[in-house]
Structure formats: structure tokens, C-alpha cells
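# A structural model of the following input is requested.
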Amino acid sequence: MDNYDFSRLSVLVVDDSPHIRRLVHAILHAFGCRDIYEAPNGKRALKELRSGQIDIAIIDWTMEPMDGIRLTKLIRAGEDIPNPYIPIIMLTGHTTVNCIVEAREAGVTEYLAKPITAKGLMAQLQMVIARPRPFVRTPTFFGPDRRRKDSSLYQGPERRILDLAAGEPEKIRA
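From the prediction side, this is the model:
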């Protein structure tokens with residue numbers, strides 16, 4: 001496992017449960033994070049994100065009145081958010097394939113199932129830091145590239161290049 005210096009990383013934890021926020025805060029602090037912000041709902045999270053000082057957001061799915069999926073879509077739309085490329089880790093008890101696909105389609109970067117563990121959170125943080133995915137913009141999607149496989153061995157047609165030539169998706173490096 002790689003060692004990272006998390007002391008300069010600023011993380012926003014968005015969850016309506018104060019117990020979960022405290023738990024995630026404690027784990028992040030144990031990793032060395034010093035700038036940990038908390039928000040009990042999506043509205044407060046947007047206010048924190050507008051400051052432009054957040055490096056990673058950890059967002060719960062189930063919140064009122066705005067859930068984590070809607071919050072993710074607003075972040076990716078980037079209207080009032082300085083960094084629509086921010087890595088978003090969805091923290092949730094919703095672990096069905098349909099839920100994971102819905103989160104991915106909303107623009108979530110990584111997915112972490114509850115109950116949370118320090119090991120699981122570390123793995124997701126390392127993923128967004130060590131292996132950031134390029135962003136893709138199409139008429140219907142903006143977010144991290146959903147393809148995870150190493151395509152260097154792929155022998156088929158280069159559809160991505162053809163799509164670019166046809167004016168379809170645009171790959172963007174965050």
C-alpha cells in the first residue's frame with residue numbers, strides 16, 4: 001500500500017447522520033487529514049464547495065431534501081461550483097447494481113458501501129489520487145470516464161477516435 005501525505009488534502013464529508021460524519025472525520029484525521037469540512041445536507045455542501053477549497057467530496061446518497069445523486073449532478077453541472085472535476089466518493093448503503101450504475105451515470109467518481117471501514121475509505125482515496133480518471137463530456141453526460149479496463153490490449157476499432165471525429169464525446173483531463 002502506498003503512503004500518502006494527506007495533511008494538505010481538504011475533504012468535505014456530506015451526510016445527514018452526525019454519527020457517520022464524526023466517524024468519517026475521525027478516520028480521515030487518523031490518515032493525517034487536517035482540513036475536514038462537514039455538511040449535514042446538499043444545500044450546505046454546495047455552500048462549502050463554492051469556497052473552492054475542497055479537494056475531495058465524500059457524499060451520502062440518502063439525504064433530505066437533496067439526495068447525493070442530485071448533489072452530484074449539480075456539482076458536475078458546475079454552474080456555481082469552481083471545480084466540477086472534484087473527485088466524488090459516494091458513501092451509501094445502496095449497493096445494488098442499478099444503484100451503482102445510477103451513481104456512475106450521475107458523475108460519481110468512486111463508490112463506497114456502508115458500513116464504512118478505514119481500509120475501504122483508504123482504498124477509495126488512493127484510487128482518486130493515484131489513478132484519477134479523465135473526464136468525458138457528451139451531450140448527455142459530464143463526469144469521470146466510466147471505463148476502467150486497460151484498453152492498451154484492445155484490438156478492435158478505435159470507437160473513441162471515431163466518436164471524436166464525428167463530434168460526439170470530448171475527453172477532458174481534469
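# C-alpha only now, for contacts and for neighbours.
Will do.
# List the contacts of M63.
15-16, 41-42 (C-alpha atoms under 8 Å, 6 or more residues apart in numbering).
# ok, 7 Å please
15-16, 41 (C-alpha atoms under 7 Å, 6 or more residues apart in numbering).
# same deal with Q124?
E110.
# a helix runs through it, doesn't it?
Yes: secondary structure assignment places Q124 in a helix (DSSP: H, G, I helix; E, B strand; the rest coil).
# Give me the distance between it and P87.
10 Å (C-alpha to C-alpha, to the nearest Å).
# Could you do F142 as well?
13 Å.
# Between these two, which has more neighbouring residues?
Taking other C-alpha atoms under 10 Å, F142 and P87 do not tie; P87 has more neighbours (25 against 22).
# Pretty sure the more buried one sits against I54.
No: P87 lies out of contact with I54 (C-alpha atoms under 7 Å); the separation is 9.7 Å.
# Isn't K114 up against H94?
No: between K114 and H94 there is no contact under C-alpha under 7 Å: 8.2 Å.
# Same list (the contacts of M63) but as TSV, adding neighbour count, secondary structure and distance to V108.
Below are these laid out as TSV (neighbours: other C-alpha atoms under 10 Å; DSSP: H, G, I helix; E, B strand; the rest coil; distance: C-alpha to C-alpha, whole Å):
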residue	neighbour count	secondary structure	distance to V108
D15	28	coil	15
D16	20	coil	18
N41	23	coil	17
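# for this protein, what spans make up the helices?
18-31, 42-50, 68-77, 97-106, 118-130, 159-165 (DSSP state H).
# Please name whichever of these is nearest to R146.
Closest to R146 of those, according to C-alpha to C-alpha: helix 97-106, at 7.0 Å.
# which of the residues in that closest one are buried?
Across helix 97-106, burial judged by 16 or more other C-alpha atoms under 10 Å covers 100, 103-106.
# In terms of secondary structure, what does that helix contact?
helix 68-77 (3 or more C-alpha pairs under 7 Å, 6 or more residues apart in numbering; DSSP states H and E).
# Identify the residues contacting A39.
With C-alpha under 7 Å, 6+ apart, A39 has these contacts: 13-15, 45.
# cutoff 10 Å now
Taking C-alpha atoms under 10 Å, 6 or more residues apart in numbering, we find A39 in contact with 12-18, 21, 45-48, 59.
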